[in-house]
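> just the structure for this:
(2 chains)
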Amino acid sequence: MKRFNKYFALLFSFILTAAILLTGCGAPQGASGGSGSSGNSSGPIKIGLVTQLSGGGALYGKLMQQGAQLAVDQANEDGGVLGRKIKLLAQDDQANPSESVKVTQRLVSEDNIDAWIGTLKSSDTITDIGITSKENIPSFVPVGVADNVTKQGFDNAFRNVANNTMQITEMVNYILKEQPTKKMAIIAENTDYGRGIVDTFSKLFTKGGRTVTNKEYYNVGTKDFNDQLTKIKAKNPDGILIAGLVAEGSLIAKQAKSLGLDQQLYSFGGFMGKQPMELGGQAVNGLIHTDYFVPTAKDELTQKFVKDFKDKYGKIPDSYYSAATYDAVNLYINAVKKAKSTDPKKVNEELRNLKNEHTVMGDITFDKEGQAATKVWISQIKDGKQVGIYHAK
Amino acid sequence: MFSQMVVNGLANGALYALIALGLTLIYGVMNLSNFAQGEFAMVGAFAAYFLKQLHMGYLLTVILSFAVAGVVGLICYFLAFYPLRRSNPLNMMLSSMGVSIFLVNLSQYIFSPTPKVVETPFSDQSIQILGVYLSEQRLLIVIVSLVLCGLTYWVLERSKFGRSVRAASIDPDTAMLYGIPTNKISMITFVVGVALTGIAGALTAPIYNVFPTMGISLTLKAFVVVVLGGMGNIVGAILGGFIIGLIESFSAGYISTGFQDAIVFTILFLVLIFRPQGILSKVRGEKV
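As a prediction, this is how the structure comes out:
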């Protein structure tokens, strides 16, 4: 028997290699037909989650894991899907590109996962989906927001969160509509993310008839922003936009105050959750930023999710990491129910055909690139709390 | 804007001078390029954070962080540097890189990488004179740094201990023949050198927050300062600190904030090419 297995594995891997070589990445049907996903239709349905569970971003990775586990447990309590239980296989990628590829490869080839969810970093997400796309495994992107994730020609990638351009557009729309800020200074991290925001925001903001006074940059890990802020102060803007994450952003807010800058502050998704208040204290009070998830939103499903999460983990899910991953699992489960099968091709087809599927993060319809057209929230920090102040329909 | 840039540059310069002072002292006596220097600022900052949790007064935590960084420095000295004292200086330098990585990873493991906030009675308040702002905390950094630089200089130039340190730095073998305990001198210099940096960490903690990787950029800046001032040259390190602070501030103000670091490191290259002995070498030829 052992011997047979060995030969079978050898033959199988040969066929798989040949199939990949002959068909290329674009047409993996031949491979997926023979892959494990249809071969293990009796065991549990396996969902692989790849995220950072140790080191720097572990906090966020664990929030993703908790959201996913909650959805899986709820589905299993309801008797599972198609008579099968669901199993979450969470893997630590240490936010390291090579580790991420390694664990994804293992999930695909050894665990024969039926669906994949990940990661914290957009760049790792792209390379990982490069692997899952070969088997056409339905792959969800709940957290990475770089525009190019859904622009790689993957037929199996679905992002149930707004991308970067969408959040910048919403912020500009909001300011043009609701805020008197005419002259905006931008202080941005010197990365693709920061520079991307500077370009897109400036273009849209000036198109709306307002001006950008400064474009100042800092390197990630910088701790002193007096030089940038002094330049901003000299131009006397009405608002300051922080195009960066909370570690630097909270210091920028503090140092701006001690330089006598009292302008309205704006930022993006980096200021979600309670970390900005912990790090920025009084200095971030009044800051307006984009948010993907508002736990106090008056929506039945959102309130149910918040309550269930709190019952299970004893804390309120105050940022989108848990909610979006929770949604991703449920989107998959519902697609499987509709397809009446875990066959990747059929499930992907169902996901593409979704129309306004109601989830915690909003109504999801995927476009042909797999990007959901959801609207971000605009939130404000008021007296140590995150308050949703604007949500376009 | 000009006067604000000068003030910003001098305030940052005072911090660079304090860290570079420790680095250059250690280089002068032990011939060690200590790549773990910034990590001792991190140790000092974490010490301030935890002592603050015990409801200690902020100034007391700053003084105690000197002691904590010193003790950690002593342990590192005996584990990582003392055994290599007779070998090639390159080995000690590599060892210091190991110490740096070890301290960063250890603190990530123990304290988690999330930044921590240290409150001080000064942090949120600013002094404003003629439209120029300087936060009280930064003023404190400038004062403490100037006092410590002056004190170190005085000890080295005027005291008996300082003379032994200088002797050990110029020629350790001859110094030993004259009865100067060079091993002990280098141990004390190392401990004081990193403890000074520990104070710098505790002083900046309220402005920069505290996290395990905070020291890495400080080490790099301190090296630029020390190279500029001449390796092992005390006055050079102090002056170099202020010069780098001002260059940073002006290059951000008049050229581009995006190229700020690039400009500073370009200066490092130019100094290494045209004046590898440092800008002050003609003024003061001796080490330490």
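> what about the longest helix in chain B?
Across chain B, the longest stretch assigned as helix under DSSP state H is helix B:2-30.
> for that one, buried residues please.
B:4-30 (16 or more other Cβ atoms under 10 Å in any protein chain shown). Where C-beta positions appear, they are placed from N, C-alpha and C, glycine not excepted.
> how about that helix, does it reach chain A?
Yes. Helix B:2-30 reaches chain A (Cβ under 8 Å from any Cβ of the partner chain) through B:4-5, B:8, B:11-12.
> adding pLDDT, write these out as a markdown table.
Converted to a markdown table, the residues of helix B:2-30 next to chain A look like this (pLDDT from 0 to 100):
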| residue | pLDDT |
| --- | --- |
| B:Gln4 | 89 |
| B:Met5 | 89 |
| B:Asn8 | 90 |
| B:Ala11 | 91 |
| B:Asn12 | 91 |
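> helices or strands next to the longest helix of chain B in the packing?
Where contact means 3 or more Cβ pairs under 8 Å, 6 or more residues apart in numbering or on different chains; DSSP states H and E, helix B:2-30 is packed against helix A:226-235, helix B:37-53, strand B:132-135, helix B:136-158, helix B:160-170, helix B:182-208, helix B:215-229, helix B:234-250.
> pLDDT on the first one, on average?
Averaged across helix A:226-235, the pLDDT comes to 92.
> quick check, the following helix or strand past it touching chain B?
Note on helix A:226-235: by DSSP states H and E, the next helix or strand toward the C-terminus is strand A:239-243. No. Strand A:239-243 stays clear of chain B (Cβ under 8 Å from any Cβ), getting no nearer than 12.5 Å.
> what sits up against strand A:239-243?
A:175, A:179, A:181, A:183-189, A:193-194, A:197-198, A:201, A:232, A:249, A:252-253, A:256, A:261, A:263-268, A:270-271 (Cβ atoms under 8 Å, 6 or more residues apart in numbering or on different chains).
> next SSE downstream of it?
Per DSSP H and E, the helix or strand that comes after strand A:239-243 is helix A:246-258.
> just for chain B, where's the confidence low?
B:123-124, B:281-288 (pLDDT under 70).
> now for whichever helix or strand B:Ile75 is part of, which elements pack on it?
Assigned by DSSP H and E, B:Ile75 belongs to helix B:58-76. Counting contacts by 3+ Cβ pairs under 8 Å, 6+ apart, helix B:58-76 is packed against helix B:37-53, helix B:89-111, helix B:182-208.
> gap between that helix and the chain center?
14 Å (Cα atoms, centre = their mean, to the nearest Å).
> secondary structure class of the nearest residue to A:Gln65 once chain neighbours are set aside, three-state.
The shortest distance from A:Gln65 to any non-neighbouring residue, by Cβ to Cβ, 6 or more residues apart in numbering or on different chains, is to A:Ala90 (4.9 Å). Here A:Ala90 is strand, with the state taken from DSSP: H, G, I helix; E, B strand; the rest coil.
> before we move on, what about A:Tyr60?
helix.
> what's in contact with stretch B:95-102?
So stretch B:95-102 is contacted by B:32-36, B:38-39, B:76, B:80-81, B:84, B:215-216, B:219 (Cβ under 8 Å, 6+ apart).
> could you give the separation of that stretch from the chain centroid?
With Cα atoms, centre = their mean, you get 16 Å for stretch B:95-102.
> in that stretch, which residues are buried?
So, applying 16+ other Cβ under 10 Å, buried residues of stretch B:95-102: B:95-96, B:99-100.
> quick one on the thing from earlier: can you list contacts of the helix holding B:Ile75?
B:36, B:40, B:43-45, B:47-48, B:51-52, B:56, B:99, B:103, B:119-122, B:144, B:187, B:190-199, B:201-203, B:206.
> for chain B, what are the nearby residues on chain A?
Checking chain A against chain B by Cβ under 8 Å from any Cβ, the hits are A:55-56, A:59, A:190, A:216-219, A:221-224, A:226-228, A:230-231, A:233-234, A:247, A:250-251, A:254-255, A:257-260, A:275, A:278-279, A:281-283.
> so among those residues, which ones count as buried?
Here, 16+ other Cβ under 10 Å leaves A:55-56, A:59, A:190, A:216-219, A:222-224, A:226-228, A:230-231, A:233, A:247, A:250-251, A:254-255, A:257-259, A:275, A:278-279, A:281, A:283 buried among the residues of chain A next to chain B.
> which residues does stretch B:116-135 contact?
A:254-255, A:257-260, A:278-279, A:281-283, B:3-4, B:7, B:11, B:45-46, B:48-49, B:52, B:58, B:136-137, B:139-140, B:205-207, B:209-211.
> recalculate using a threshold of 6 Å.
With contact meaning Cβ atoms under 6 Å, 6 or more residues apart in numbering or on different chains, stretch B:116-135 is reached by A:258-260, A:279, B:3-4, B:7, B:48-49, B:52, B:58, B:136-137, B:140, B:205-206, B:209-210.
> please apply the same query to stretch A:190-198.
A:168, A:186, A:188, A:215, A:217, A:219, A:243-244, B:258.
> also stretch A:356-372?
A:150, A:157-160, A:293, A:301-302, A:305, A:323-324, A:327, A:352, A:354-355, A:373-374.
> among the residues you listed, which are located in helices?
Those of these lying in helices (DSSP H): A:301-302, A:305, A:323-324, A:327, A:352.
> for the residues you listed, which one is nearest B:Ile238?
Set against B:Ile238, the nearest of the ones in helices among the contacts of stretch A:356-372 by Cβ to Cβ is A:Ala324 (51.9 Å).
> contact partners for the residue lying closest to the closest one once chain neighbours are set aside?
Spatially, and ignoring its direct neighbours in sequence, A:Ala324 is nearest to A:Pro142 (3.5 Å; Cβ to Cβ, 6+ apart). Shown in contact with A:Pro142 (Cβ under 6 Å, 6+ apart): A:160-161, A:324-325, A:328.
> quick one: the helix holding B:Ile75 to helix B:2-30, angle?
Put simply, helix B:58-76 runs at 30 degrees to helix B:2-30, going by axes from the mean of the first three to the mean of the last three Cα atoms, to 10 degrees.
> so who does A:Leu229 touch?
A:255-256, A:259.
> can you add pLDDT and distance to B:Ile263 and give the residues you listed back as CSV?
Shown next, in CSV, are those (pLDDT from 0 to 100; distance: Cβ to Cβ, whole Å):
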residue, pLDDT, distance to B:Ile263
A:Gln255, 91, 21
A:Ala256, 93, 23
A:Leu259, 88, 22
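> could you dump the residues you listed to a markdown table with distance to B:Ile234?
Formatted as a markdown table, the contacts of A:Leu229 follow (distance: Cβ to Cβ, whole Å):
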| residue | distance to B:Ile234 |
| --- | --- |
| A:Gln255 | 31 |
| A:Ala256 | 36 |
| A:Leu259 | 32 |
